[in-house]
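Visitor: predicted structure and sequence below. I'll ask about it afterward.
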Amino acid sequence: MKTQKQKPRFKYRPKVQKKGIKITGQWKPVTIDPNLFADEKLDEIVCFEELTDYEFVKSSKELKKGFKRKHGEVEEKLESDATSKSKKRKKQKAASEPLQESKTEDALLETEDEHEEFDVGVKSEDDGEEVTKDQLTQKVKSKKKRKKRKNKKNTSAEEDAPPPHSAKKSKNWSENALAHTSSKNADVSAWKNLHVPKVVLKALSFLGFTCPTPIQALALPSAIRDKMDILGAAETGSGKTLAFAIPMIHSILEWQKNQESGAAEGETEEEPTTSDVNNEIDATEKQEQDMSENEDVEQVEDNDDVVAENFDINFNDMSSSKSGTWGKESPLLGLVVTPTRELAVQVKHHIDAVAKFTGIKTAIIVGGMASQKQQRLLGRRPEIVIATPGRLWELIGERHPHLCNLRRLRCLVIDEADRMVEKGHYAELSQLLELLSEVHYNPKRQTFVFSATLTLIHQAPTRLLQKKRFQKVDKDSKLVSLMEKIGMKAKPKVIDLTRKQATVETLTETRIHCATDEKDFYLYYFLLQYPGRSMVFANSIDCIKRLTSLLTILECNPLPLHANMHQKQRLKNLERFAERESCVLLTTDVAARGLDIPNVQHVIHYQVPRTSETYVHRSGRTARASSDGLTLLLIGPNDVINFKKIFRTLEKNEELPIFPVEPNCMSGTKERVSLARMIEKMEYFNCKAKQQNSWIQQAAEALELDLDDDALIGGQQSEEDERIKQKSLKIMKKQLKQLLSQPIFRNLLKTKYPTQTGKLALPILPASQLETALLTISKQKGKKKKSK
Ligand SMILES: Nc1ncnc2c1ncn2[C@@H]1O[C@H](COP(=O)(O)OP(=O)(O)OP(=O)(O)O)[C@@H](O)[C@H]1O
């Protein structure tokens, strides 16, 4: 008699296997302290279970084998009673399926490879689960095989083929910005006297960068010819990234040349000390010990490998550092530290673009992405690392061999330096700087420090000015303090190209004063009236979450970006934002600094930022590289203090223009937004109550307690209550749909435009078709001047 097997908790999902994981264990519930969910951060989790065991599927070949086996089985079965035509047809179908499936798998692996840097491993450290060494080995092996296959395909490589690192292209918003100007073969004679290496000139020509920006023209000779440290302040979007990237590349090329020629006169001074070498050896030994379980597997794998595969983790390579060759040949030479992960990704792309023909490798080390993958990237010994402080410090702490001897660094860049050294921020950066200026001190290392607000001085409040002991901070003392914090010892070249107002001349700044609860109306009004690429900044994640729901209900398709999102989603949303011509990015200040998204037309400060620096950087996401842009401040009663403070600090003498709003349009706007707000509130509370009640019920069940209805949020609702609620929600949604389908500016249409042949043959938003936000404001300015 057959016994019925117990059903597995989760069904086997072939989709998961295709992605590279084969489930060999079981899903088991994990007990979690319900208090953890008091914090809203985890309120989207429905259940939490652990998978006791799994395997990485080695390669698509294996999958194909699996499919072949299945295919074979089907064939045998079919052959045994292969008489009827219908069975033959089945056989043909079965034969074609495996082929199709293996093709899909191949395509999947290709994309995985292409998006490698953005890919967050299924079992990443950040998900709180470990990748076992076996699995890591298998992963490396399958990757190598994939690469081998790829290499075979690409044997007919062009002569001028770019170096290996640039062959892999991952999609990125900064590529749009770089491609935008790309004319492939521009005249770069204007860069002539700046000591830019020829290979870099070739890349600049390829990018269409015909002449240097002012900050580049001033920084390059001092950094390249005079080997000076640079403190650079220049407005947002003025090309500061290349002002440090080009000298860094030059320095690395020079080092490589010295190594090749063997002259290395200066290099001998920079040879690692005995303790440095010991550190490296210790670290390598530690890593080897960690991996010793897999030694046999690894050995076989290395024998299987061709030389071209050596960029992957190669433990033989690591062990060669024992004899000193590894450390000498490929040390870390350039390090860029940025405040956000997105900025690190972008800086890498900008550096890669100008290093295109140099063969210099770069890697990103940031939080929120799989640490194992980043360690593997470091294993390729990139000359340049672009990192955020937390993850970098973590890997230095773990003594990754490539990060062991920072004394050999030629260039250190602190991007957005004023933010990075702010009190209470980036403790890891202080530790790193301490390490660099003491144990790993190298007098020959160049330090580049850049920001648009490096020399911004705050106007002290009058009450402080009146105090006797009060010491006024001026530009010089601010820079001295910054140098101390960074540990810069030599006298740097200070380049300050910022204006008193700190914002860009091509930026038009506007404002609307309103009550706090009217901000939604004006925001929606602006977005509807002036489509285009708009970034909306708010001061808190909660505010961004609410606005995302509200604008989604209003069918504006906003994209959110904040620190509580999964890193992969953050990057995806940035990419999408840069791809769409008309789109809204709702973000916190995580996107305020450095991001270079092409053609952002509007920046809306939904809440006035807390500091002048943040105002300058947020506003600087538009009007970049001499293009025009507009900012709109929505100033509620709570924002007035910050607004006044910022405008005093930035010495904005001219009265900031009020953004003109068509009063006829506001009633329609308010009607829609008010209804959408009611829907949003109802959905929010419904969802929250359901989630929390579900947890309370589960916890009570686990503790075998009888649950009182009062313990549940909103009490135990009767089905009837719930039905009524759902019905009214449905009605509201229908109403809103109806409103959204009609032209919002009905009154305006009636008065301004007659109907033609009984039908309204006009766009839904007439004003948006007629003028841009910038044109509206310049018209208003013109009118004011005339009336004077
Ligand atoms: N010489 C040049 N010619 C043309 N475009 C350039 C040049 N240098 C840089 N750019 C482009 O200008 C844009 C802004 O550059 P970048 O992001 O380096 O500005 P930034 O000064 O660092 O801005 P932020 O202060 O906001 O970080 C980029 O799209 C970059 O590709």
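Guide: Happy to help now that I have it.

Visitor: pick out the residue of the stretch 401-550 of the chain closest to the ligand.
Guide: Nearest residue of the stretch 401-550 of the chain to the ligand, counting by Cβ to the nearest ligand atom: Ala452, 4.1 Å away. Backbone N, C-alpha and C define where each C-beta goes, glycine included.

Visitor: show the contacting residues for that residue.
Guide: Taking Cβ atoms under 8 Å, 6 or more residues apart in numbering as the criterion, Ala452 is in contact with 233-236, 238, 240, 498, 502, 616-617, 620.

Visitor: which of the residues you listed scores worst on pLDDT?
Guide: pLDDT across the contacts of Ala452 is lowest for Ala502, at 91.

Visitor: stretch 702-721: end-to-end distance?
Guide: End-to-end distance of stretch 702-721: 28 Å, with Cα to Cα, to the nearest Å as the criterion.

Visitor: from Asn642, how far out is Val590?
Guide: Going from Val590 to Asn642 by Cβ to Cβ, to the nearest Å gives 19 Å.

Visitor: also Met369?
Guide: Using Cβ to Cβ, one gets 34 Å for the distance from Met369 to Asn642.

Visitor: the lengthiest helix in the chain: what's the following helix or strand?
Guide: Secondary structure assigned by DSSP state H gives helix 663-702 as the longest helix of the chain. Per DSSP states H and E, the first helix or strand lying C-terminal to helix 663-702 is helix 719-741.

Visitor: and that following helix with helix 663-702, angle?
Guide: 150 degrees (axes from the mean of the first three to the mean of the last three Cα atoms, to 10 degrees).

Visitor: pLDDT on helix 719-741, on average?
Guide: On average, helix 719-741 scores 90.

Visitor: one more: stretch 395-413?
Guide: 95.

Visitor: what are the phi and psi angles of Arg593?
Guide: The phi and psi values for Arg593, taken as degrees, to the nearest 10, are phi -110, psi 130.

Visitor: relative to the ligand, how far out is it?
Guide: 6 Å (Cβ to the nearest ligand atom, to the nearest Å).

Visitor: find the least confident helix or strand in the chain, judged by mean pLDDT.
Guide: Within the chain, no helix or strand scores below helix 295-304, which has a mean of 29 by mean pLDDT, DSSP states H and E.

Visitor: just want the residue of the stretch 251-400 of the chain that's nearest the ligand.
Guide: Closest point on the stretch 251-400 of the chain to the ligand, by Cβ to the nearest ligand atom, is His350, at 6.3 Å.

Visitor: assign the residue of the stretch 651-788 of the chain found nearest the ligand to helix, strand or coil.
Guide: Using Cβ to the nearest ligand atom, Lys652 is the residue of the stretch 651-788 of the chain that sits closest to the ligand, at 19.2 Å. Secondary structure, DSSP: H, G, I helix; E, B strand; the rest coil: Lys652 is coil.

Visitor: ok, how many other residues are close to it?
Guide: Using other Cβ atoms under 10 Å, Lys652 has 15 neighbouring residues.

Visitor: ok, the residue nearest to it when sequence neighbours are not counted to Ser612 distance?
Guide: Nearest residue to Lys652 in three dimensions, chain neighbours excluded: Gln501, at 6.0 Å (Cβ to Cβ, 6 or more residues apart in numbering). The gap separating Gln501 from Ser612 is 10 Å, by Cβ to Cβ.

Visitor: more neighbours: these two, which one.
Guide: Between Gln501 and Ser612, counting by other Cβ under 10 Å, Ser612 is the more crowded of the two (22 against 18).

Visitor: how about the residues of the stretch 451-600 of the chain by the ligand?
Guide: 452, 594, 596 (Cβ under 6 Å from any ligand atom).

Visitor: ok, what's across the strand from Leu335?
Guide: Going by DSSP bridges, Leu335 is paired in beta bridges with Val385, Leu412.

Visitor: His425 against Arg419, yeah?
Guide: Yes. His425 is in contact with Arg419 according to Cβ atoms under 8 Å; the separation is 6.9 Å.

Visitor: before we move on, back to that, mind giving me the packing neighbours of the longest helix of the chain?
Guide: Judged by 3 or more Cβ pairs under 8 Å, 6 or more residues apart in numbering; DSSP states H and E, helix 663-702 is in contact with helix 519-529, helix 541-553, helix 719-741, helix 746-752.

Visitor: go again with 6 Å.
Guide: helix 519-529, helix 541-553, helix 719-741 (3 or more Cβ pairs under 6 Å, 6 or more residues apart in numbering; DSSP states H and E).

Visitor: need the winner for burial among those.
Guide: helix 519-529 (a mean of 22; mean count of other Cβ atoms under 10 Å).

Visitor: mean confidence for that helix?
Guide: For helix 519-529, mean pLDDT rounds to 96.

Visitor: for it, list the C-alpha coordinates in CSV.
Guide: Extracted as CSV, the C-alpha positions of helix 519-529 are listed here (Å, rounded to 0.1, in the frame of the first residue of the first chain):
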residue,chain,number,x,y,z
LYS,A,519,1.6,71.2,-0.9
ASP,A,520,0.1,68.1,-2.6
PHE,A,521,-2.1,70.3,-4.7
TYR,A,522,0.7,72.5,-6.0
LEU,A,523,3.0,69.5,-6.5
TYR,A,524,0.4,67.7,-8.6
TYR,A,525,-0.5,71.0,-10.4
PHE,A,526,3.1,71.5,-11.4
LEU,A,527,3.8,68.0,-12.5
LEU,A,528,0.7,68.0,-14.7
GLN,A,529,1.2,71.4,-16.1
